[in-house]
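> Please find the sequence and the predicted model below.
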Amino acid sequence: MSLNIYFTKSMLVALSIILILIASSIIGAMSILFAQTNDTAGCIRYDSLQKLIHISCKSIHLNDIYKSIKNTNILSMENGTGVDASTLNGKVWILNAGITIEKDGELVIDSTDTYWLKMVPTPTIQKNGQTGLSANENDDDTNDDDQDVDAISYPIQYTKGNVGNNSNTKEQKPVIVNRNNGDSPNGIHVFGSLKIDSVKITSWNPEKKEVITFDLGKRPGEELTKSRYDTIVPRPFIRISNEATGMTNITNSEIAYLGYSCSRCSGISYYGGVGSIVKGNNIHHLLKGFYSKGIGTMVVENNTIHDNYLYGIDPHTGTHDMIIRNNKVYRNNASAIICSKHCYDLLFEGNEVYKNGGANRGIALSINTTHSIVRNNYVHDQISCIGSNRGSNFNKIEGNHLSNCKIGVNLADTSDNIINNNKISGARDAIVLSNSTNNIFHNKIDNSTNGIVLLNSSTASQTNIDKDREIEPVNYTAFLNNLTSVNQMTGVKNPIVVNHTHFTSQYDSQNSKHNNLTSQN
């Protein structure tokens with residue numbers, strides 16, 4: 001009897017211990033869940049004055065913002081409901097505010113809860129003399145001083161979607177922003193990390209239920225600005241700060257109808273985010289397709305970039321160690337791919353570039369862009385296929401296929417570049433040299449009017465090949481004879497031209513003798 005009582009007591013004690021452990025586990029799990037919920041709620045806040053959503057924790061999705069803010073005037077689903085665990089129907093968001101991703105924050109916009117993010121812009125008024133950006137960002141990426149006289153087609157070559165549709169922003173109360181729009185309600189401002197994958201992001205006019213295209217003109221207070229490509233209507237933009245603590249990767253997405261002519265508002269702008277990737281996207285109808293400044297170690301590849309209001313791909317001042325590879329860049333309103341102002345160690349490889357407007361340059365190295373490689377690209381149907389000018393030295397232009405351009409390779413005020421193993425066909429001038437000393441060899445030139453054109457332009461005229469100073473061809477005889485011997489020309493009317501005058505080289509003499517012997521036989 002006593003044994004049974006002992007056994008029963010032991011069982012009750014054991015059962016009590018088990019129940020206590022289970023209860024502790026449940027309480028612990030609930031505490032963790034409660035803490036996570038509080039953490040999410042605590043790191044998403046809305047600034048109603050600036051119309052900015054601030055994010056300061058990791059892996060935040062749009063649905064997290066929706067649940068935290070609980071204000072459909074700021075963020076809503078197009079069908080009027082949120083996204084829950086059981087259904088992902090709709091997944092079209094309408095955002096009527098900007099987003100600032102703080103240094104500890106990370107925003108994820110992907111197919112988990114998003115198909116299309118429609119961003120509604122807000123009219124802004126700049127407060128002169130103030131800026132929320134660092135000194136390195138405190139200038140204008142839109143009105144840069146590398147604009148050629150004919151940097152863009154003007155008047156605008158309208159394509160479908162270029163004509164303005166009068167956004168409804170005139171009906172909204174303007175928000176006062178700092179000089180460089182660092183607190184603009186139209187931006188996604190990245191100081192932490194951003195991941196965009198397999199989604200569509202555009203501007204949006206909720207009244208007309210369509211994306212916002214361009215209206216040309218001056219906004220109030222900007223009537224005296226120098227730019228000829230100002231736009232009246234604001235549009236959203238994505239900007240990565242040079243203080244960003246993480247990467248901004250944009251992959252497999254459509255990014256369209258963003259950016260306008262305000263400081264730091266060009267569409268997709270990278271000032272930081274070392275190690276970022278822009279890959280596999282369809283980027284179109286932005287102010288600039290892609291812009292960077294002062295950033296290194298980044299990859300832009302396998303994108304289709306077209307119909308942008310200015311440049312297609314524009315790595316700018318101080319950009320370095322960037323790979324721009326296997327992109328298709330066409331029908332942009334200015335040069336397709338241009339690196340300008342002290343860029344270095346860039347690789348342009350495997351890109352197809354064609355039918356871009358403005359100065360009509362396919363790939364351009366400008367203003368002290370050095371130690372870079374332009375390799376294995378297919379550039380066609382441009383005024384100038386590839387150009388290097390204004391102190392852009394120590395670059396390699398090799399293995400490219402250049403077709404149906406007025407100028408195949410244009411070298412002005414440069415030296416110590418290597419131009420080799422390029423195939424140039426259907427050009428008016430295959431290679432143009434102006435105030436240049438470069439190593440040019442093993443190029444194949446065919447079916448072109450002029451092979452190698454030697455000019456001596458003043459620095460002021462830059463790449464304008466029609467304003468020449470007189471040169472004495474005799475001083476260049478050895479140099480020109482060498483060019484004809486180390487480069488292959490077939491079906492070229494004038495292999496060497498000096499100041500628009502055909503120069504008889506050893507190549508011509510040998511061909512003439514060969515032709516005479518052939519006719520006698």
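Done, it's in.
> When you work out contacts or count neighbours from here on, use the C-alpha atoms and nothing else.
OK.
> where does the stretch 201-350 of the chain dip in pLDDT?
Scanning the stretch 201-350 of the chain for pLDDT under 70 picks out the ranges 215-232.
> 80 instead?
By pLDDT under 80, the low-scoring segments of the stretch 201-350 of the chain are 214-233, 262-263.
> Touching, Ala336 and Arg361? I think so.
Yes - between Ala336 and Arg361 there is a contact at 6.5 Å, judged by C-alpha atoms under 8 Å.
> neighbour-wise, which of those two wins?
The residue with more neighbours, out of Ala336 and Arg361, is Ala336; 35 against 28, by other C-alpha atoms under 10 Å.
> what phi and what psi does the backbone show at Leu483?
Per-residue torsions, Leu483: phi -60, psi -40 (degrees, to the nearest 10).
> Okay, now the unreliable bits of the stretch 401-521 of the chain?
Applying pLDDT under 80 to the stretch 401-521 of the chain flags the ranges 456-480, 499-521.
> All the strands of it, residue numbers only.
401-403, 407-412, 415-420, 423-425, 429-434, 437-441, 444-455, 488-498, 501-502 (DSSP state E, counting those that start in this stretch).
> okay, now Gly408: neighbour count?
Neighbour count of Gly408, defined by other C-alpha under 10 Å: 34.
> just to revisit the earlier point, would you turn the strands of the stretch 401-521 of the chain into JSON lines with distance to Leu194?
Output for those, formatted as JSON lines (distance: least, C-alpha to C-alpha, whole Å):
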{"stretch": "strand 401-403", "distance to Leu194": "37"}
{"stretch": "strand 407-412", "distance to Leu194": "39"}
{"stretch": "strand 415-420", "distance to Leu194": "38"}
{"stretch": "strand 423-425", "distance to Leu194": "41"}
{"stretch": "strand 429-434", "distance to Leu194": "43"}
{"stretch": "strand 437-441", "distance to Leu194": "43"}
{"stretch": "strand 444-455", "distance to Leu194": "45"}
{"stretch": "strand 488-498", "distance to Leu194": "50"}
{"stretch": "strand 501-502", "distance to Leu194": "57"}
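> element containing Ile65?
helix 62-69 (DSSP states H and E).
> ok now that helix, how far from the chain's centre?
Offset of helix 62-69 from its chain centre (C-alpha atoms, centre = their mean, to the nearest Å): 29 Å.
> all strands of the stretch 51-200 of the chain, in order?
52-55, 75-77, 92-95, 98-101, 106-110, 116-119, 124-126, 175-177, 187-190, 193-197, 200-203.
> Deepest in the core, which of the ones you listed is it.
The highest mean neighbour count among the strands of the stretch 51-200 of the chain, using mean count of other C-alpha atoms under 10 Å, belongs to strand 187-190: a mean of 27.
> What helices and strands are in contact with that one?
Packing partners of strand 187-190 (3 or more C-alpha pairs under 8 Å, 6 or more residues apart in numbering; DSSP states H and E): strand 98-101, strand 237-240.
> of all those, which lies closest to Asn181?
Nearest to Asn181, of all those, is strand 237-240, at 10.2 Å by C-alpha to C-alpha.
> Now do the helix or strand following the closest one: distance to the chain's middle.
Counting by DSSP H and E, the element after strand 237-240 in chain order, helix or strand, is strand 248-251. Distance of strand 248-251 from its chain centroid, counting by C-alpha atoms, centre = their mean, is 12 Å.
> before we move on, what about stretch 339-351?
Computed by C-alpha atoms, centre = their mean, the chain-centroid distance of stretch 339-351 equals 12 Å.
> tell me the contacts of Thr317?
By C-alpha atoms under 8 Å, 6 or more residues apart in numbering, the contact set of Thr317 is 292-294, 340-343.
> Same question for Phe441.
Phe441 is in contact with 419-421, 483, 486-487, counting by C-alpha under 8 Å, 6+ apart.
> repeat that with 6 Å
For Phe441, the contacting residues are 420, 486-487, by C-alpha atoms under 6 Å, 6 or more residues apart in numbering.
> Buried only: go through the residues you listed for me.
420, 487 (16 or more other C-alpha atoms under 10 Å).
> what's the closest of the contacts of Phe441 to Lys208?
Among those, and counting by C-alpha to C-alpha, the member closest to Lys208 is Asn420, at 53.5 Å.
> Cross-check the contact I'm expecting between the closest one and Asn443.
Yes - contact criterion C-alpha atoms under 6 Å: Asn420 and Asn443 qualify, at 5.4 Å.
> In contact with Asn410: list those residues for me.
387, 431-432.
> okay if I get the residues you listed as JSON lines plus neighbour count and distance to Val211?
Shown next, in JSON lines, are the contacts of Asn410 (neighbours: other C-alpha atoms under 10 Å; distance: C-alpha to C-alpha, whole Å):
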{"residue": "Gly387", "neighbour count": "23", "distance to Val211": "35"}
{"residue": "Ile431", "neighbour count": "25", "distance to Val211": "43"}
{"residue": "Val432", "neighbour count": "22", "distance to Val211": "43"}
